[in-house]
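A.B. asks: Curious how this folds, go ahead:
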Amino acid sequence: MERLLLPLEVGKAWFYSTLSRLAPVITMPAYEGKVLREALGLRKSSRKDEETFRAHCVDSWVLAAHAVGGSVPDDTQIVRMVPLRFRRRSLHLRQPAKGGVRRRHGGTVSLGLRRGAQVLHPRFGFCCVGGHMGNHLSLHAMRSGRRLTQRARLQDLVILAPCPWRVWVPDKSGKEG
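C.D. replies: Presented below is the predicted three-dimensional model:
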């Protein structure tokens, strides 16, 4: 009887084969990783809803330390990244409005800035660019993606970097704010 592969197994096989083109790949059973983790005195959290090093990064750090050496993690700060989702096609909005003119919709450039560009605003601080209307930009919070304003002016912004991700460092409690 032929064994069916689960989607996760197919993905892992693809990842390992792709990675093996760059460097040798050595897999290790989970129980061996646990032994290494306990030998280093590191604990793993079972609460995956926490945004902490103990919940998500301990095993990968232990495997890396086993390969290249290390005894204690010196940096346990994590960074959270969420991809921006762009609506590229909305055919129902392509119907002409009064006067036969179709309204502008979508796109990934707003007043010369890519959507998602990281900027500093004098009032709202670190945020990202959304759309635009006329000569005003829409700014969004990095953590929640919630719109902060639709009336930001390009000349008031310090442009940091184009980025199609919302990026932030979770607070020390591990809770999303």
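A.B. asks: all strands of the protein, in order?
C.D. replies: Assignment of strands within the chain using DSSP state E yields the ranges 80-83, 109-110, 113-114, 118-121, 125-133, 136-141, 147-152, 158-161, 165-168.
A.B. asks: Can you list the strands that the third one pairs with?
C.D. replies: The sheet places strand 113-114 alongside strand 109-110 (antiparallel), with pairing taken from DSSP bridges.
A.B. asks: quick check: mean pLDDT across the strand it pairs with?
C.D. replies: Mean per-residue pLDDT for strand 109-110: 82.
A.B. asks: Not counting that strand itself, show me its contacts.
C.D. replies: 115, 129-132, 137-138 (Cβ atoms under 8 Å, 6 or more residues apart in numbering). (Glycine included, C-beta is placed from N, CA and C.)
A.B. asks: between the strands of the chain, which gets nearest to residue 57?
C.D. replies: Closest approach to residue 57 among the strands of the chain (Cβ to Cβ): strand 80-83, 12.1 Å.
A.B. asks: Now for the spatially closest residue to residue 57 that is not a sequence neighbour: which residues touch it?
C.D. replies: Nearest non-adjacent residue to residue 57, counting by Cβ to Cβ, 6 or more residues apart in numbering: residue 78, 6.4 Å away. For residue 78, the contact set (Cβ under 8 Å, 6+ apart) comprises 51-53, 56-57, 169-170.
A.B. asks: Many thanks, I have nothing further to ask.
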